[in-house]
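Visitor: Need a 3D model of the following:
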Amino acid sequence: QKWGANAFANYKPGKNVDLDLTLGLQRSDAQKASFAPKDIPLTTNISSTEYINLAAKIHGLSVRTSFLSGMDELNVGSIPNGYEYQNFDIGAEYALKLSDKIVVTPGLAFQHVNYSDEGYTVPGDKRTGYLNGNHSIATTAAFVRADINLTKNWRFLTALRGDKFSTPDKTTLAYEFASTYKIGEAHLVRAAITKSNTGSFIAQNYANFDDEPMPGYVISIRANKDYDLLTIRMVELGYRVKVSKWLQVDMDLFRQTGSNFGAYVASEFAPTPPFPPFSPTQMHYENLPTEAVQTGGTISINVVPSEKLQFKPFITIQKTKVTNLPDAFVSVEIMPVQTYQNYKQHENTPAFYGGFFLTYKFTEKLYFNVNCYYFKSHKQYDKTDPTGTSEQGNIKGKVLMNAKLNYMPLSKVNIFVNARNILNEDSREFFG
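Guide: Model (predicted):
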């Protein structure tokens, strides 16, 4: 169950000044699969948040700032359980129109997040919390975007961004170089080269808890404040053609490479006997030499035979290659010689997926929508099944179909009926 409330306010004191204020709160209670590492199949989760957001546009200057405060209880009635968090961020950018063909937008951003489980733990007992403390991460960023119309038909977009993190104490660079070119009125080609990084996460930096899977056997889970952030590099080529006034086809080829993956690895083993060989007593977060390369293509078709009907099918075919995946997640500090596997066809991502959107407008106020999504059977990885041989990791292909009938008697009033999973697909989508 869930409930929430939101409020909005807008103020325009002048032609070139616009202020927007939003604030709200929500609470949700849900039953879901337990948060690791506890082996409880189903537990109650409670989440509540309050937020305020202010956005301002003053001539070419855009400023946005927000504050979010919340609480999550992950395993109500058991331990580890909950934590509280606060997130403050502010960003500003200014659009500089250097000419009719060139717009350059520099900007600055700052974010500060704080997580604490101090009110939910027993002091001195690290089994009762995930962080067992109060921790923060701050991020300062600078960026610039440029939109350049080289000719009437040729457009070039570029963006650079640098992020300085407090933890880990590192600076990352992200970029995008993209271009589109129109060939007549019916054809458009595009290309892009990008690099992006994940943000810095509390768990990797500050995890500090003990897991006791059985009486007398404790595994200490510790963070790592000096690791490299996951990086994705991508090359993309696209082509769009307007076959007729009611038919449009869009094709896209992509290749993306992921590096700097990480995992919690064993850094200390229990004595044998009495414990079985390779029973970890301590684990910490560490980068892996693993690299993943995903190559694929997408085609979508947009059919609009009349003002009342739109049909848009799409399909993506992809192949994932993984190299240097360790046979066991053990730190090289205690096991210097390790073996790694290479997979030319990695089965943890579906080889293809697709679907369609269908909308029929009976009148200006009444329309019907159907959306359908399909993914091919594949395997999912879990730390309890590193070799991928368990039946629990086999995910069957499925078709998910939803429908919606919507009526708008007034411009700001919607009356609708939703039907979800109308084919009654009940096979699981996750490891378990």
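
Visitor: packing partners for the lowest-mean-pLDDT helix or strand in the chain?
Guide: One helix or strand of the chain scores below all others by mean pLDDT, DSSP states H and E: strand 378-379, with a mean of 82. Judged by 3 or more Cβ pairs under 8 Å, 6 or more residues apart in numbering; DSSP states H and E, the packing partners of strand 378-379 are strand 394-395. For glycine as for every other residue, the C-beta is placed from the backbone atoms N, C-alpha and C.

Visitor: who touches the least confident helix or strand of the chain?
Guide: With Cβ atoms under 8 Å, 6 or more residues apart in numbering as the test, strand 378-379 has contacts from 347-351, 388, 393-395.

Visitor: Can you say which of those residues are buried?
Guide: 347, 349-351, 393, 395 (16 or more other Cβ atoms under 10 Å).

Visitor: Can you tell me the strand partners of the least confident helix or strand of the chain and which way each runs?
Guide: Its sheet considered, strand 378-379 pairs with strand 394-395 (antiparallel) by DSSP bridges.

Visitor: Now do the least confident helix or strand of the chain: distance to the chain's middle.
Guide: 20 Å (Cα atoms, centre = their mean, to the nearest Å).

Visitor: and what of stretch 310-321?
Guide: Taking Cα atoms, centre = their mean, the mean C-alpha location of stretch 310-321 is offset from the chain mean by 19 Å.

Visitor: Not counting its own residues, what contacts it?
Guide: Contacts of stretch 310-321 (Cβ under 8 Å, 6+ apart): 292-304, 342-346, 348-359.

Visitor: same question, stretch 163-182
Guide: Residues from elsewhere that reach stretch 163-182 (Cβ under 8 Å, 6+ apart): 136-141, 153-162, 188-197, 199-200, 205-206, 225-229, 231.

Visitor: Just the pLDDT at the residue nearest to the spatial centre of the chain, thanks.
Guide: For the chain, the residue sitting closest to the mean C-alpha position, by Cα atoms, centre = their mean, is T198 at 9.2 Å. We have a pLDDT of 94 for T198.

Visitor: Got phi/psi on it?
Guide: Note on T198: backbone dihedrals following degrees, to the nearest 10 are phi -70, psi 170.

Visitor: Now do the contacts for it.
Guide: Contacts here follow Cβ under 8 Å, 6+ apart; on that basis T198 touches 229-230.

Visitor: Could you report the separation of it from S259?
Guide: Using Cβ to Cβ, to the nearest Å, T198 is found at 12 Å from S259.

Visitor: now do K126
Guide: Between K126 and S259 the computed distance is 32 Å (Cβ to Cβ).

Visitor: Of these two, give the one with the bigger neighbour count.
Guide: Between K126 and S259, counting by other Cβ atoms under 10 Å, K126 is the more crowded of the two (22 against 17).

Visitor: What residues are recorded as beta-bridge partners of the residue lying closest to the more buried one once chain neighbours are set aside?
Guide: Nearest non-adjacent residue to K126, counting by Cβ to Cβ, 6 or more residues apart in numbering: D210, 4.1 Å away. D210 has these beta-bridge partners by DSSP bridges: S220.

Visitor: cool, L358 as well?
Guide: Per DSSP bridges, the residues bridged to L358 are F311, V370.

Visitor: same deal with A142?
Guide: Here A142 sits in beta bridges with L108, G162, as judged by DSSP bridges.

Visitor: which ones are touching it?
Guide: So A142 contacts 106-109, 161-162 (Cβ under 8 Å, 6+ apart).

Visitor: wait, what's in contact with Y115?
Guide: 83-85, 131, 134-136, 202, 206.

Visitor: of all those residues, which two lie farthest apart?
Guide: Maximum pairwise distance among those (Cβ to Cβ): 14.2 Å, between E84 and Y206.

Visitor: I'd like the mean pLDDT over stretch 403-418, please.
Guide: For stretch 403-418, the mean per-residue pLDDT is 91.

Visitor: about what we covered before: quick one, which of the contacts of stretch 163-182 are buried?
Guide: In these, burial by neighbour count holds for 137, 139, 141, 155, 158-159, 161, 188, 190, 192, 194-197, 200, 205-206, 227, 229, 231, counting by 16+ other Cβ under 10 Å.

Visitor: And the strands in the stretch 301-432 of the chain?
Guide: Using DSSP state E, counting those that start in this stretch, the strands of the stretch 301-432 of the chain run over residues 309-326, 340-343, 352-361, 366-375, 378-379, 394-395, 398-410, 413-419.

Visitor: The stretch 1-150 of the chain now?
Guide: Ranges of strands in the stretch 1-150 of the chain, per DSSP E, counting those that start in this stretch, are 2-14, 17-32, 43-58, 61-73, 82-94, 96-97, 102-116, 134-149.

Visitor: mind checking which of the ones you listed is nearest G184?
Guide: The nearest among the strands of the stretch 1-150 of the chain, by Cβ to Cβ, is strand 134-149 at 17.3 Å.
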